[in-house]
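1. Next input, structure requested:
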Amino acid sequence: MKTVLTVKIDRALKKQAQTFAEEVGLPLSTVVAGSLKESIEKKEIRFSAPYQMSVKLERHLAKVEKDLKTGKNISPAFSDPQEAIRYLRSQ
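-> Numbers count the residues shown, from 1 in each chain. As a prediction, this is how the structure comes out:
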């Protein structure tokens, strides 16, 4: 027997959820029910946030991007291992 569940959520969130459900071809009620079933079965609730790089990693990547643009610290492509070895020995 199915029953009605009333939940108060932000209008924008509801609209996003409806859009997502439409995109995957399911009614929103099926998406919500599936999420609840999974949480109950696994006895866990998962929330995730977008990954944020550390300041140190951001600085390092900025340096790498600068090196790429200026051609610094970049080795050429090699057609065979011997060519790579010759390059390394010449450095």
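2. Can you give me the domain boundaries for this structure?
-> Annotated domains of the chain cover 1-47, 55-90 [automatic domain parsing].
3. Let me have these in TSV, extended by mean pLDDT and mean neighbour count.
-> Using the backbone N, CA and C atoms, a C-beta is placed for each residue, glycine as well. Conversion of those to TSV gives the following (pLDDT from 0 to 100; neighbours: other Cβ atoms under 10 Å):
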stretch	mean pLDDT	mean neighbour count
domain 1-47	94	10
domain 55-90	92	10
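4. any idea how far Thr3 lies from Asp80?
-> Using Cβ to Cβ, to the nearest Å, we find Thr3 at a distance of 70 Å from Asp80.
5. same thing with Leu57?
-> 34 Å.
6. again with Leu61
-> Going from Leu61 to Asp80 by Cβ to Cβ gives 31 Å.
7. cool, and Val4?
-> 70 Å.
8. hey, where'd the helices end up in this structure?
-> For the chain, applying DSSP state H gives helices covering 11-23, 28-42, 55-70, 81-90.
9. Mind giving me the packing neighbours of the longest one?
-> The one in question is helix 55-70. For helix 55-70, there is no helix or strand it packs on, judged by 3 or more Cβ pairs under 8 Å, 6 or more residues apart in numbering; DSSP states H and E.
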